[in-house]
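**Q** Quick one: sequence plus predicted model below, questions after.
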Amino acid sequence: MTRSSVFYRFKQGAILFLWSIMLLSAPLSLKAEEYLDFTGWTLTQDDMDYNLSIIDKMPDYSVTHIQLSHRIVTRIDQFDDQEIVDRVKTLSDHIHAHGGKSIVWAQELSEESQYFVCYDLEGDDMQTRMKAYRDALTKLPEIDGVMISFGSAPSEPYTTVPSCGLSEILPKERYKAIIEAVSRVVVDEFGKQVYVRTFYHSGYEIPFIRSALEETDRPIIAMSKSEPNDFEPYYPLNPLIGDIGDHPQFLELDCAGEYWGRGAIPFVAVEYFAQRFHEARAAVKGGVSEFIGSTCRVDRYEYSAIGTLNEANLWAQSKLINNPDEDWQDILGSFITYRYGLSINTEAHQQLFNIMRRTYWVGRKMYYAKGEWAFKKGSELPSSNYDQRLHLLLIH
């Protein structure tokens with residue numbers, strides 16, 4: 001055997017060895033391109049000490065983005081208040097210290113009972129909106145992105161009457177005009193990211209939002225609840241998942257159990273989140289939209305998942321983003337080992353596994369009946385006999 005042939009065989013063997021090391025070090029059930037890269041948390045409480053302590057937990061769950069919403073900030077005009085400016089700056093700096101990005105919610109339209117709106121980008125109304133974002137980002141360059149939220153805004157675009165010669169403008173064009181106006185400032189002037197929350201209350205709004213996102217050429221990222229309207233396990237997957245054009249998209253999930261006992265009654269929904277991840281990935285498969293991950297509500301005001309059994313839901317999100325194909329049983333089992341120090345395959349581990357898994361199914365049977373809310377749309381009991389009778393009529 002010549003020296004050159006020996007060298008050739010050695011080189012072949014070395015290459016095969018390196019390839020085998022690479023394959024063994026990667027999860028066998030997941031291709032590299034299927035890893036997701038958006039792990040978000042959404043904070044709703046304005047308790048600064050609490051929020052700072054939650055942000056400190058970002059590394060434990062590989063969180064990349066934190067959304068500041070609800071009682072922290074919901075409208076870009078609120079940055080006229082120095083207290084809110086200082087609050088968001090402090091939280092954003094803390095998020096950055098942990099390597100994450102800060103996103104603030106901005107409901108549009110933000111004016112109460114704004115019936116007549118000029119959607120001309122050069123008109124006073126859109127110019128006023130653009131100035132509000134310009135002023136806010138000038139005061140707070142720490143913000144990395146803005147989440148436009150149309151649903152539950154003080155004035156929702158489809159309810160307004162277009163003015164200034166645009167009386168025939170379609171609802172989808174109203175959404176597009178706001179996205180265009182906001183992104184001209186946030187993206188073009190400040191180099192930040194614009195996100196669009198696709199939350200809606202009624203089915204007839206779906207075509208408006210779908211068309212607006214499909215047709216806009218602005219570089220937006222969409223956030224969609226995993227269900228139509230609000231979080232409800234019996235609902236099918238949100239029809240907007242994978243159907244918004246070529247924009248990246250991530251799920252909005254509820255880890256704190258806003259409608260499921262708010263942590264006081266555990267709702268460990270690990271298998272439910274795994275189901276939604278699988279459905280979302282199937283919905284975008286073969287399409288032009290990219291599924292990039294999810295964000296989870298850590299709390300509903302003073303009711304937090306942290307420190308309760310519902311913390312397993314946060315663990316599930318981080319695991320599913322790292323490996324969307326991971327079995328939910330392995331995820332829940334690993335949380336029990338991590339959080340409670342119980343070795344897998346022990347009797348204590350199995351008992352706690354069964355208890356935690358059962359909370360999800362108990363919750364479904366308790367809060368829902370025949371696919372409808374059993375109580376109110378929330379975790380509280382009906383406030384009157386009328387509420388109770390109304391729900392009995394709905395479910396029968």
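**A** In hand now; what should we look at?
**Q** mean confidence for the one helix or strand Ile95 maps to?
**A** In this structure, Ile95 sits in helix 82-97 according to DSSP states H and E. Averaged across helix 82-97, pLDDT comes to 98.
**Q** How about stretch 131-147?
**A** For stretch 131-147, the mean confidence score works out to 98.
**Q** Just the buried positions in it, please.
**A** Across stretch 131-147, burial judged by 16 or more other C-beta atoms under 10 Å covers 132-134, 136-137, 139-140, 142-147. From N, CA and C alone the C-beta is placed, and that goes for glycine too.
**Q** related to what we said a few turns ago, tell me the helices and strands packed up against the helix holding Ile95.
**A** Judged by 3 or more C-beta pairs under 8 Å, 6 or more residues apart in numbering; DSSP states H and E, the packing partners of helix 82-97 are helix 48-55, strand 65-68, strand 101-107.
**Q** Please tabulate these in JSON lines, including the columns mean pLDDT and mean neighbour count.
**A** Formatted as JSON lines, these follow (pLDDT from 0 to 100; neighbours: other C-beta atoms under 10 Å):
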{"stretch": "helix 48-55", "mean pLDDT": "98", "mean neighbour count": "16"}
{"stretch": "strand 65-68", "mean pLDDT": "98", "mean neighbour count": "25"}
{"stretch": "strand 101-107", "mean pLDDT": "98", "mean neighbour count": "24"}
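**Q** Kindly reformat these as JSON lines containing distance to Pro154.
**A** Shown next, in JSON lines, are the helices and strands packed on helix 82-97 (distance: least, C-beta to C-beta, whole Å):
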{"stretch": "helix 48-55", "distance to Pro154": "24"}
{"stretch": "strand 65-68", "distance to Pro154": "18"}
{"stretch": "strand 101-107", "distance to Pro154": "6"}
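**Q** picking up where we left off before, ok, the buried residues of stretch 131-147 vs Glu180, which is closest?
**A** Within the buried residues of stretch 131-147, the smallest distance to Glu180 is 12.2 Å, found for Tyr133 (C-beta to C-beta).
**Q** what helix or strand does that closest one sit in?
**A** Per DSSP H and E: helix 124-139 holds Tyr133.
**Q** Now do that helix: distance to the chain's middle.
**A** How far helix 124-139 lies from its chain's middle: 25 Å, per C-alpha atoms, centre = their mean, to the nearest Å.
**Q** One more: stretch 315-335?
**A** On C-alpha atoms, centre = their mean, the centre of stretch 315-335 falls 17 Å from that of its chain.
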